[in-house]
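[1] need a structure here:
(one chain, ligands or ions: 1)
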Amino acid sequence: MSPGRSRGRRHPATRPPRLDGARLTAYDVLDGVTSRAAYANLLLPKLLRERPELDERDAAFATQLAYGTLRAQGTLDAVLTGLVSRPLAELDPRVLDLLRLGTYQLIDLRVPSHAAVDTTVDLTRAIVGPGASGLVNAVLRKVAASGDREQWLAALGGDDAHRLALATNHPLWIVDAWRVALGGDAELEPALLADDAAPEVHLVARRMDREQLVGESGGEAGPWSPHAVRLHGGDPGRLASVRSGVAAVQDEGSQLAGLLLARAPLDGRDGAWLDMCAGPGGKAGLLAAVRPEGVRLTAADRAPHRAELVRKALAGEADVEVLAADGREAPWAPGSFDRVLLDAPCTGLGALRRRPEVRWRRTPEDVAPLVELQVELLAGALASVRPGGVVAYVTCSPHTEETIGVVDVAAARDDVEVLPVAPLFPEVPGIERGKYGQLWPHRHGTDAMFMALLRRTR
Ligand SMILES: C[S@@+](CC[C@H](N)C(=O)[O-])C[C@H]1O[C@@H](n2cnc3c(N)ncnc32)[C@H](O)[C@@H]1O
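    Residues are numbered from 1 along each chain as shown. A predicted model of the protein is given here:
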């Protein structure tokens, strides 16, 4: 049921609740994220497939509710903290998720209060029990009485950084990390707002003509990657080209990160490429398609199940090898490769648009161990490339410690030279981050990918 399609005002406690399928599905996503650490972008499509009774409109509303509530969790919790007498952490987690779901509808979507409150009370009665529905009813009525998001933000107050965090649905530490990466406040708000907007689906034309994919999908050519098509709606899974694997879903920024390796200037032999952290195989699929004839592509991932996904992504490609291997203890001989892509495991702070819950799951404590791993993997990548060969270091995070901080350590070596990224992408404005490259959602409509290019000099 969409906003405003209310089913009447008050329910006698005895009436069996009629549950709204879209709202129940959104709740089930929140519960999966909270209780099983599920990923919303995987769980929601699965639930929608299992519930064919939901029509397109219901599915769109369930998506908006689930993703919106997850993204806005910090602001919703700030609102609820003032209205619930106990600390939120002491509430039944199901009740907290239901309160968030109701509050999101009231303050962000401005669903009429009778519809938002009554449907949430019905869900509470069915999922948790009648005892909890009284609390949910009382709290949501207080939320509704105090206005919409703008009024709530004004009431919550705080200093500038705190207000920006609440207004853009980011934790404070991520606001700080983006400020540092952007070099100040000038673009911070548009960047965070773009990071909070629902992203378009981008496709990559791997083994087909891009124009053909534009025609098939009804999308439009992406502005930066010659392989990109941007969709303005619709399910990419229905496209024959995606089903057959000649095209795939891939953010245009990730496409540029793959192309960085292929475009890097190189003297001498160019017959062996390595994708060292390849799972699930997005960039490996593009590299396999764009490599010149005669180049052998090796793709590795430490996790065997991720290596298996790479194997599937590369099915049908000649001259490829997929390994389950740790890039720090490589099974290949030093200097085996001419080009190495290191798409390092990272916090993912640049791809928050696609994973709404990740901003609240990540903590500042995640950064240091990842940086340690990234430094080791980059040393492994440099050991894997021959003298004169190139390493592309890429993260889907702009966080300065896991980007510039990691690359600067390697760049200080006397056998490593930094190659500037921007000249390889003359068609992409605003990509420079010193000698490195940085894409931004507000500038480029992509994830915030970081890219660096290093050459082993000897
Ligand atoms: C950012 S993802 C790579 C995404 C991939 N390049 C793509 O485009 O689909 C990072 C990958 O690194 C893998 N990984 C983590 N530690 C590793 C290690 N020590 N050696 C090799 N792979 C590792 C993870 O399993 C994960 O699949």
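
[2] and the next element down the chain from the top helix by length along the chain?
    Taking DSSP state H as the criterion, the chain has its longest helix at helix 367-384. Using DSSP states H and E, the helix or strand that follows helix 367-384 in sequence is strand 385-395.

[3] Are there helices or strands packed against that next one, and which ones?
    Contacts defined by 3 or more Cβ pairs under 8 Å, 6 or more residues apart in numbering; DSSP states H and E place strand 385-395 against helix 252-263, strand 337-343, helix 367-384, helix 404-411, strand 450-456. For glycine as for every other residue, the C-beta is placed from the backbone atoms N, C-alpha and C.

[4] Now tabulate those in CSV and tack on distance to Ala38, mean neighbour count and mean pLDDT.
    As requested, the helices and strands packed on strand 385-395 are exported to CSV (distance: least, Cβ to Cβ, whole Å; neighbours: other Cβ atoms under 10 Å; pLDDT from 0 to 100):
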stretch, distance to Ala38, mean neighbour count, mean pLDDT
helix 252-263, 23, 25, 98
strand 337-343, 24, 26, 98
helix 367-384, 22, 19, 98
helix 404-411, 30, 19, 97
strand 450-456, 28, 25, 98
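
[5] okay if I get the ones you listed as CSV plus distance to the ligand?
    Shown next, in CSV, are the helices and strands packed on strand 385-395 (distance: least, Cβ to the nearest ligand atom, whole Å):
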stretch, distance to the ligand
helix 252-263, 6
strand 337-343, 4
helix 367-384, 6
helix 404-411, 14
strand 450-456, 12
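
[6] what sits against the nearest residue to Gln250 once chain neighbours are set aside?
    Once flanking residues are discounted, Gln250 sits nearest to Val204: 4.1 Å by Cβ to Cβ, 6 or more residues apart in numbering. The contact partners of Val204, taken as Cβ atoms under 8 Å, 6 or more residues apart in numbering, are Ser225, His227, Ala228, Val229, Ala247, Ala248, Val249, Gln250, Gln255, Gly282, Gly285, Leu286.

[7] Which among those residues count as buried?
    Those of these that meet the buried threshold are Ser225, His227, Ala228, Val229, Ala247, Ala248, Gln250, Gln255, Gly282, Gly285, Leu286, by 16 or more other Cβ atoms under 10 Å.

[8] From those, which land in helices?
    Those of the buried ones among the contacts of Val204 lying in helices (DSSP H): Gln255, Gly282, Gly285, Leu286.

[9] from those residues, which two are the most distant?
    Gln255 and Gly285 (10.3 Å; Cβ to Cβ).

[10] What is the burial count for the residue of the stretch 1-150 of the chain found nearest the ligand?
    Closest to the ligand within the stretch 1-150 of the chain is Tyr39: 13.9 Å, counting by Cβ to the nearest ligand atom. A count of nearby residues for Tyr39, using other Cβ atoms under 10 Å, gives 17.

[11] Next, work out how far apart the residue nearest to it when sequence neighbours are not counted and the ligand are.
    Spatial nearest neighbour of Tyr39, chain neighbours left out: Arg355 (6.5 Å); criterion: Cβ to Cβ, 6+ apart. Distance from Arg355 to the ligand, counting by Cβ to the nearest ligand atom, to the nearest Å: 12 Å.

[12] is it true that the residue nearest to Gln250 lies in a strand?
    Yes. Under DSSP: H, G, I helix; E, B strand; the rest coil, Val204 sits within a strand.

[13] element containing Ala299?
    strand 296-301.

[14] Check which helices and strands the helix or strand where Tyr27 lies is in contact with.
    Per DSSP H and E: Tyr27 is located in helix 21-36. Helix 21-36 sits against helix 40-50, helix 56-71, helix 93-103, helix 113-127, with contacts defined as 3+ Cβ pairs under 8 Å, 6+ apart.

[15] Quick check: the residue nearest to Leu24 when sequence neighbours are not counted vs Arg353, distance?
    In this structure, Leu24 finds its nearest non-sequential neighbour in Leu123, 6.4 Å apart by Cβ to Cβ, 6+ apart. Distance of Leu123 to Arg353, computed by Cβ to Cβ, to the nearest Å: 27 Å.

[16] Next: Ala22.
    From Ala22 to Arg353 the distance is 22 Å (Cβ to Cβ).
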